[in-house]
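>>> Show me the folded form of this:
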Amino acid sequence: MRNRDRESEFIETVVHINRVAKVVKGGKNFSFSAVVVAGDGTGRVGFGTGKAREVPAAIQKAMEQAKREMIRVPMVGGTLPHKIWGRWGATRVLLRPASPGAGVIAGGGVRAVMESAGVQDVLTKIMGSRNPFNVVRAVFDALNNLMTTEKVRRLRGIEVVTGSASAADSAQGNTDVAEPAAEAMADEPATEEAAGS
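Residues are numbered from 1 along each chain as shown. A predicted model of the protein is given here:
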């Protein structure tokens, strides 16, 4: 029962089914390949591909792979943390954060991945090849390279500061920026007078 409940929690979407015919001496042998996206709607999503002689078997294989190979998508308030490009083969996919209420502006495999991951607001664009298999892989390439502020801080060796300390630093930074600007303003009349004389 637990396994069934756990499986029912996932949002499963069949992105594409491809039929392949192999010509043999006795006729044609048909096989099917499927690409499936599965996610829990709260930031975890995965995709899988499966091949079989029958469509249900191919979809089942793809779903099992998608659930095994899930990744965590960093989100900020229902959207992505920053703009990013994903590439796979001749396909390029652009993912851009969107303001609240914009919705998922995407099509095909990109929409399936975003909705399964639980992203509520995002702008996307597919460039180059529209092959559904490559599009899904390009989206996951972009999602794997997303950075959060905490990850950037760790990579740069910056310690996480408290809210009051960061506010004090920002206030101090503003004064540091304002002083050179004030000095530049003070120097301007002198240069103009010199030029006039």
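
>>> Which helix or which strand is home to Val20?
strand 11-24 (DSSP states H and E).

>>> can you check Val45 too?
strand 44-52.

>>> ok, and for that strand, which residues are buried?
Neighbour-count burial for strand 44-52, counted by 16 or more other Cβ atoms under 10 Å, picks out Arg44, Val45, Gly46, Phe47, Gly48, Thr49, Gly50, Ala52. (Glycine included, C-beta is placed from N, CA and C.)

>>> Quick check, central residue of the protein?
The C-alpha lying nearest the average C-alpha coordinate of the chain belongs to Leu143 (Cα atoms, centre = their mean; 3.6 Å).

>>> That residue: what secondary structure?
helix (DSSP: H, G, I helix; E, B strand; the rest coil).

>>> wait, it sits on Gly86?
Yes. Between Leu143 and Gly86 there is a contact under Cβ atoms under 8 Å: 7.4 Å.

>>> Now the common contact residues for those two.
The contact sets of Leu143 and Gly86 overlap at Leu95 (Cβ atoms under 8 Å, 6 or more residues apart in numbering).

>>> Show me what the helix or strand hosting Ala62 packs onto, helices and strands only.
Element membership for Ala62, per DSSP H and E: helix 55-68. On a contact count with 3 or more Cβ pairs under 8 Å, 6 or more residues apart in numbering; DSSP states H and E, helix 55-68 meets strand 11-24, strand 27-39, strand 44-52.

>>> Partner strands of the last one and their direction?
So that's strand 44-52. Applying DSSP bridges, strand 44-52 is found paired with strand 27-39 (antiparallel), strand 70-72 (antiparallel).

>>> export those strands to TSV and tack on mean neighbour count?
Converted to TSV, these look like this (neighbours: other Cβ atoms under 10 Å):
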stretch	mean neighbour count
strand 27-39	19
strand 70-72	15
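
>>> Let me have the ones you listed in CSV, extended by distance to Asn134 and mean pLDDT.
Below are those laid out as CSV (distance: least, Cβ to Cβ, whole Å; pLDDT from 0 to 100):
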stretch, distance to Asn134, mean pLDDT
strand 27-39, 10, 93
strand 70-72, 18, 92
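
>>> if we can go back for a sec, show residues contacting the strand holding Val45.
15, 31-39, 57-73, 113, 116-117, 133, 136-137, 140, 143.

>>> what do you get if the cut-off is 6 Å, keeping everything else the same?
Defining contact as Cβ atoms under 6 Å, 6 or more residues apart in numbering, one finds that strand 44-52 is touched by 33-39, 58, 61-62, 65-66, 69-70, 72, 116-117, 136.

>>> How about stretch 128-137?
So stretch 128-137 is contacted by Val15, His16, Val35, Phe47, Trp88, Gly89, Ala90, Thr91, Arg92, Gly109 (Cβ under 6 Å, 6+ apart).
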